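Trainee: next input, structure requested:
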Amino acid sequence: MKILSASLDFFEIPENTNHAKQINTTLAVPPRTSAGNLEDRTDSAPSRIPISTQLQPSKSPAQAIWCRVQIRTDSQWLGIGYARLSSALQKETIQAIAENEFFPLLIDQQIGYPEFQFQQCQQKIGKENWSSIFANTYAAIDLALWDLKAKERQLPLYKLFGPEKMALPAFVSGTASASQEVASILPEFRYWQKQGAIGLLIEVGSNNLEAEAEKLQVLRDTIGEETWLGVSANNSLDWNGALALAPFLDEDLGADWFEEPLRLANAQEDRPLGYQKLAERVAIPLASGTNWTKPIDFLLAAQHGAIRVLRPDIFQLGGLTPLYQMLSLVEPFPVTVVPRYLPEIAAALAYRFPAISMVDYSVNGLTSLVDEHFSSSLPLTWRANKIHLGDSLGIGWDSLSLSLHRSSTVDS
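Mentor: Numbers count the residues shown, from 1 in each chain. Sure, this is the predicted structure:
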């Protein structure tokens, strides 16, 4: 079976959908309590600078644009792939890259070989030029090719990687941005907690670490110590800020991990040794990888052992193929891998790669953006406090594709 044509279109769905209106609950937020003076935490940090200068304001992500790739074959099968794009990337440029650089390489090729097609397309662009715009564009193509591979074999995607599907616990992200107060975070989180989420990932990013610590303490007091809680600084802290906040997160808050604490300049100047220096001084597990574009970066981090939670972004890497490569590289090492976005892809890989023991269910992800009356079309569902995959052929996006594009505006 051969590829006949490929097309790409764009659509936008309002993010941060308020699901809280669907449940009737009164949420009591306890008064702010002192989180202690972070400047007095000299046990972890060798020196202190004024707290107000330790944190750069982290910019909230711009409204995301999603692209859909459809690959048609000379058989009955249609391959569907999606990618979440930054609005900073021009749609015209992405369209040109897809139509002029990638699609011509696919026409008349046999389906079922996404790894070869990824290598071919990356070689044309050059590994050194595989920047976010090329990776983002190709991610949707790569996922469509994997969708076709599974459909050709008349299998759900997960069966390409193992005989069984895994039911995994999931936390939610995207419900607690740095600009939100606890009172606005709680209703949305409670909705997802009711679905089965074990906890949430909260972002920090103001100019005042003391205020951030108080906000985190109020959240922890409200949701309880048994609820999973991750904290992301979105690469906004300098060394002193990270060293000041980390002991509080570990000892007082009982946070499960500290994600992307360091400014990119600090983290990348000798990556992964930038995080090695921090890991030697703090006890809380460090999570990173959301901005990395090469599987080798994850291997280096796993080898050094400073980063205990790897957070690959399938769209930054360029699809499932490089994600699989990355997982294979780090397999010998004692790391946890929690991919961002597309929990249906992470869950499909979990049997083959036990390092994926939980998933990130982004409320700004693909499946959570679908209206409730389309829920039967989702490739995964919440059941018994875990994420469960369906048994639709391929990734399971065929019905979802119809649902999304029936309820959103598609730009040609």
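
Trainee: pick out the residue nearest the middle of this protein.
Mentor: Geometric centre of the chain, nearest residue: residue 340, 1.4 Å, by CA atoms, centre = their mean.

Trainee: OK, contacts around that residue?
Mentor: 173, 290, 311, 312, 313, 314, 360, 362 (CB atoms under 8 Å, 6 or more residues apart in numbering). Placement of C-beta: from N, CA and C, glycine included.

Trainee: looking at those, which are in helices?
Mentor: residue 314 (DSSP state H).

Trainee: which stretches of the stretch 251-400 of the chain have low pLDDT?
Mentor: For the stretch 251-400 of the chain, the stretches flagged by pLDDT under 70 are 265-273, 367-377.

Trainee: kindly recompute the last result at 80.
Mentor: Low-confidence segments of the stretch 251-400 of the chain (pLDDT under 80): 264-274, 364-378, 399-400.

Trainee: ok so, going back, inside strands: which ones of the contacts of residue 340?
Mentor: 173, 360, 362 (DSSP state E).

Trainee: residues near the first one, how many?
Mentor: Residue neighbour count, defined by other CB atoms under 10 Å, stands at 25 for residue 173.

Trainee: OK, contacts around it?
Mentor: 200, 201, 340, 360, 361, 362, 363, 364.

Trainee: re the thing from before, pull out the buried members of the contacts of residue 340.
Mentor: Among the contacts of residue 340, the ones that count as buried by 16 or more other CB atoms under 10 Å are 173, 290, 311, 312, 313, 314, 360, 362.

Trainee: which stretches of the stretch 151-300 of the chain form strands?
Mentor: Secondary structure of the stretch 151-300 of the chain, counting by DSSP state E, counting those that start in this stretch: strands at 170-173, 199-203, 228-232, 257-259, 286-288.

Trainee: adding distance to residue 83, write these out as a markdown table.
Mentor: Formatted as a markdown table, the strands of the stretch 151-300 of the chain follow (distance: least, CB to CB, whole Å):
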| stretch | distance to residue 83 |
| --- | --- |
| strand 170-173 | 18 |
| strand 199-203 | 21 |
| strand 228-232 | 22 |
| strand 257-259 | 22 |
| strand 286-288 | 22 |
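
Trainee: wait, which of those is closest to residue 346?
Mentor: When the strands of the stretch 151-300 of the chain are compared for distance to residue 346 using CB to CB, the nearest one is strand 170-173, at 9.2 Å.

Trainee: just the buried positions in the closest one, please.
Mentor: Quick answer for strand 170-173 (16+ other CB under 10 Å): 170, 171, 172, 173.

Trainee: kindly state the pLDDT recorded for the last one?
Mentor: Reading off the confidence values, residue 173 has pLDDT 93.

Trainee: chain neighbours aside, what residue packs nearest to it?
Mentor: residue 201 (4.1 Å; CB to CB, 6 or more residues apart in numbering).

Trainee: quick one, what contacts the one you found?
Mentor: 171, 172, 173, 176, 229, 230, 231, 232, 259, 360.

Trainee: out of the ones in strands among the contacts of residue 340, who's nearest residue 74?
Mentor: Set against residue 74, the nearest of the ones in strands among the contacts of residue 340 by CB to CB is residue 362 (35.9 Å).

Trainee: surely that closest one meets residue 174?
Mentor: Yes - taking contacts as CB atoms under 8 Å, residue 362 lies within contact range of residue 174: 4.8 Å.

Trainee: what is the burial count for the spatially closest residue to residue 263 that is not a sequence neighbour?
Mentor: Spatial nearest neighbour of residue 263, excluding adjacent residues (CB to CB, 6+ apart): residue 235 at 5.5 Å. A total of 21 residues lie near residue 235 under the criterion other CB under 10 Å.

Trainee: hmm, back to that, what's the closest of the contacts of residue 201 to residue 80?
Mentor: Among the contacts of residue 201, and counting by CB to CB, the member closest to residue 80 is residue 360, at 21.7 Å.

Trainee: pretty sure the closest one sits against residue 341.
Mentor: Yes - counting by CB under 8 Å, residue 360 touches residue 341, with 7.2 Å between them.

Trainee: partner residues bridging the residue nearest to residue 173?
Mentor: On the basis of DSSP bridges, residue 201 is bridged to residue 230.

Trainee: and the gap between residue 351 and residue 170?
Mentor: 16 Å (CB to CB, to the nearest Å).

Trainee: likewise for residue 328?
Mentor: On the measure of CB to CB, residue 328 and residue 170 end up 24 Å apart.

Trainee: just residue 106 next, same as before
Mentor: From residue 106 to residue 170 the distance is 33 Å (CB to CB).
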